[in-house]
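Peer 1: The sequence and its predicted three-dimensional model are supplied below.
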Amino acid sequence: MKIALVIPDGAADEPQDSLDDLTPLQAARTPEMDRVARDGVLGRSRNVPDRFLPGSDVATLSLFGYDPERYYTGRAPLEVVAMGISLGPDDWAVRCNLMTILDGRLTDFTAGHISSEEGAELIAALRANVPTDGHTVEFHPGVSYRNAMIYRGTPGGPAPFGDDTKTTPPHDVPDRLAADYLPQGTGADLLRRLMEAGASVVRDHPVNRARVAAGKRPANAIWLWGQGKAPQVPSFADRFGMKGAIISAVDLVRGTGMLAGWTRIDVPGATGYLDTDYAAKGRAGIDALRDHDLVCVHIEAPDEASHEGRADAKVEALERIDRDIVGPLRQALESYGEYRLLVSPDHSTLIRTKAHDRAPVPWALCGTGLSGSGKPYDEISALEANGPVLEQGWRLMSEYVLRR
């Protein structure tokens, strides 16, 4: 059986005044997603257990069939897998956002979607100039504003962070006062000192002077969060006997796939933003089906649109995903005979708050042996369909997608 999973990140939302009181999924023209829902099963799942912050780290583990309560250790460790960074048993990974703080407020967690090339220059400056107070700390460049800090521990030494260490994803508190969301608990003093020193390094860097001169937002601060140690995750092949592939422009998602043993496929033109090459990702997914049992195509664009509060951009992203990814993948899958196609966001991202939400998300699954719900694909239809509601979203993979 061939299986495709399409993740329109953060697609689920609330009704919008600007969309005639429709959600973006309702307002968007998505005949292919609607076909998946009408011809198959339409349900809902809660991908983020209550004790976790609603984010793609926990939610993606759930979608891939892994119980976050058992396997989740933090966001950054998942990202650094895709960055090719190895963690020893005493090491910790921490996400390092390059971001814009103005008038003390968390103005832009993307620093105006700074380019990866500019970001790499700033990370190199951090590596060369941030005092580490005797700690072994490394800064590593990633994609755009998404970078990493590694704390190298020593065997038998004290742990730099602990279960009481609390850090805040900056995308969850847009425009709030930065001072209200600084790290707390074990290791907080170290993280705060590094953040303060990092801001001093990047603030007047030539990259930022050039960005300001060009009317762009500067990456005038760093934000450290999402700390964790290396997780121990059994491979998808060992658990389910299937060979998988992951297609994403986001290190977090492709790192999670790689941790499960899936093949990483990078697509030229895939940016992790609204300008991504949707059609290229669709073609890559079709190609990957030839020698993989399961292919996951993740698209970040709807999530980014919500973080920017742009309902029109979110609708456009959903329509592009429908036309350029879901439709072509469905046609390709049908040519193999026995197949399954799952469409599901990882979590909700609300335009109203510009932040993630833990509410259950709608999913649609069509393919061999599945009966139809008769309803289109959106949040309201999923509520009305009386389909499966999974309080433990990680069960969706084993109990529905893979069940014959």
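Peer 2: Structure's in. What do you need? If you're wondering where the values come from, they're calculated on a predicted model, not measured in any experiment. Numbering: from 1, shown residues only.
Peer 1: Go through the longest strand that the chain contains and flag the buried ones.
Peer 2: Longest strand of the chain, by residue count under DSSP state E: strand 92-102. For strand 92-102, burial by neighbour count (16 or more other CB atoms under 10 Å) applies to 92, 93, 94, 95, 96, 97, 98, 99, 100, 101. Every C-beta, even on glycine, is put in place using the N, C-alpha and C of the backbone.
Peer 1: The last one contacts residue 178, correct?
Peer 2: Yes - at 5.4 Å, residue 101 counts as touching residue 178 under the criterion of CB atoms under 8 Å.
Peer 1: hang on, the earlier thing: for the buried residues of strand 92-102, which two are the farthest from each other?
Peer 2: Greatest spatial distance among the buried residues of strand 92-102 (CB to CB): 92 and 100, at 26.0 Å.
Peer 1: State the distance from residue 376 to residue 260.
Peer 2: Per CB to CB, to the nearest Å, residue 376 is found 31 Å from residue 260.
Peer 1: Between the two, tell me which one has more neighbours.
Peer 2: residue 260 (25 against 21; other CB atoms under 10 Å).
Peer 1: who's in contact with that one?
Peer 2: By CB atoms under 8 Å, 6 or more residues apart in numbering, the contact set of residue 260 is 64, 66, 233, 235, 236, 244.
Peer 1: cool, and residue 242?
Peer 2: Neighbouring residues of residue 242 by CB under 8 Å, 6+ apart: 3, 236, 293, 294, 402.
Peer 1: ok so it is a strand residue?
Peer 2: No - counting by DSSP: H, G, I helix; E, B strand; the rest coil, residue 242 falls outside a strand, being coil.
Peer 1: Quick one, grab the pLDDT at it.
Peer 2: Predicted confidence (pLDDT) for residue 242: 97.
Peer 1: And for residue 134?
Peer 2: Residue-level confidence at residue 134 comes out at 85, pLDDT.
Peer 1: From residue 345, how far off is it?
Peer 2: Residue 134 is 44 Å from residue 345, by CB to CB.
Peer 1: Does residue 288 touch residue 247 like I think?
Peer 2: Yes - taking contacts as CB under 8 Å, residue 288 lies within contact range of residue 247: 6.9 Å.
Peer 1: overlap in contacts of those two?
Peer 2: Listed as contacting both residue 288 and residue 247 by CB under 8 Å, 6+ apart are 265, 295.
Peer 1: what about these two, which has more around it?
Peer 2: residue 247 (29 against 21).
Peer 1: of residue 134 and residue 345, who's got more company?
Peer 2: Of the pair residue 134 and residue 345, residue 345 is the one with more neighbours under other CB under 10 Å, namely 26 against 6.
Peer 1: domains in this protein, as residue ranges please.
Peer 2: 2-72+233-401, 92-228 (automatic domain parsing).
Peer 1: What is the end-to-end distance of the first one?
Peer 2: Put plainly, it is domain 2-72+233-401. Domain 2-72+233-401 has an end-to-end distance of 11 Å (CA to CA, to the nearest Å).
Peer 1: How about stretch 267-281?
Peer 2: First-to-last residue span, stretch 267-281, CA to CA: 6 Å.
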